[in-house]
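Peer 1: only geometry, no sequence info:
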């Protein structure tokens, strides 16, 4: 079976510093793959390369066997219709209402008629408990609400693959749960997810596979029970010992 996402031998450097050093990763449809590792291990850079926000120096990134994201001539709009990404900073347009933030890309990028874009956006906002916030501006939202709007905005493009980059890192601990609940909902609905997170309990619960990144490579990967309970690699054991104290 062809993987929905195939990352093969990907290298990425900034100046003289190699951040990714031959990354291999495959993600099957409907899987949730969680990336763990220390800050600077390459998690965020990998996600940005998958979405085409960073170009790769070597290697290939292929979506569903037919879209080579790493091709320098690729139409990135085509890529981003199929791969959504949400960051730890919400990046909502402050001068637009929640509803306008969500409908902008479907209308401008895909050409969805305004009435249909609005109807679909309202349904998504309702699904994530944000229906009453449709007319609000981002500065009137809590951090958890703003992050859920960012998720809804990405979902409005009906992506095949969703990338989440430390989406709870900037939140008050009391608000983390509501954002993770939104990801749980997407996982239970069968959406394919690649997520970088420091929330180890969530990774253990939701991931089909956990990948530990260390110095720009996937040092170890496997089912959550294997990675958290019986890691093989000393770097994985050291990282988890630091995380869990």
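Peer 2: Thanks, I have the structure now. Keep in mind the model is a prediction, meaning the values are calculated, not measured.

Peer 1: how about the helices in this structure?
Peer 2: 43-50, 76-82, 98-105, 114-127, 143-155, 173-188, 200-206, 224-229, 234-244 (DSSP state H).

Peer 1: Quick one: the ones you listed as a markdown table, columns for mean neighbour count and distance to residue 19 too.
Peer 2: In short, each C-beta sits where N, CA and C put it, glycine included. As requested, those are exported to a markdown table (neighbours: other CB atoms under 10 Å; distance: least, CB to CB, whole Å):
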| stretch | mean neighbour count | distance to residue 19 |
| --- | --- | --- |
| helix 43-50 | 24 | 5 |
| helix 76-82 | 16 | 20 |
| helix 98-105 | 22 | 28 |
| helix 114-127 | 16 | 34 |
| helix 143-155 | 23 | 24 |
| helix 173-188 | 17 | 25 |
| helix 200-206 | 16 | 22 |
| helix 224-229 | 16 | 22 |
| helix 234-244 | 14 | 17 |
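
Peer 1: Can I get those in a markdown table including mean pLDDT and distance to residue 91?
Peer 2: As requested, these are exported to a markdown table (pLDDT from 0 to 100; distance: least, CB to CB, whole Å):
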| stretch | mean pLDDT | distance to residue 91 |
| --- | --- | --- |
| helix 43-50 | 96 | 13 |
| helix 76-82 | 85 | 14 |
| helix 98-105 | 96 | 10 |
| helix 114-127 | 96 | 17 |
| helix 143-155 | 94 | 7 |
| helix 173-188 | 91 | 15 |
| helix 200-206 | 92 | 22 |
| helix 224-229 | 95 | 30 |
| helix 234-244 | 94 | 28 |
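
Peer 1: Kindly reformat those helices as JSON lines containing distance to residue 88.
Peer 2: JSON lines is the format used below for the helices of the chain (distance: least, CB to CB, whole Å):
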{"stretch": "helix 43-50", "distance to residue 88": "9"}
{"stretch": "helix 76-82", "distance to residue 88": "19"}
{"stretch": "helix 98-105", "distance to residue 88": "17"}
{"stretch": "helix 114-127", "distance to residue 88": "21"}
{"stretch": "helix 143-155", "distance to residue 88": "8"}
{"stretch": "helix 173-188", "distance to residue 88": "10"}
{"stretch": "helix 200-206", "distance to residue 88": "15"}
{"stretch": "helix 224-229", "distance to residue 88": "22"}
{"stretch": "helix 234-244", "distance to residue 88": "18"}
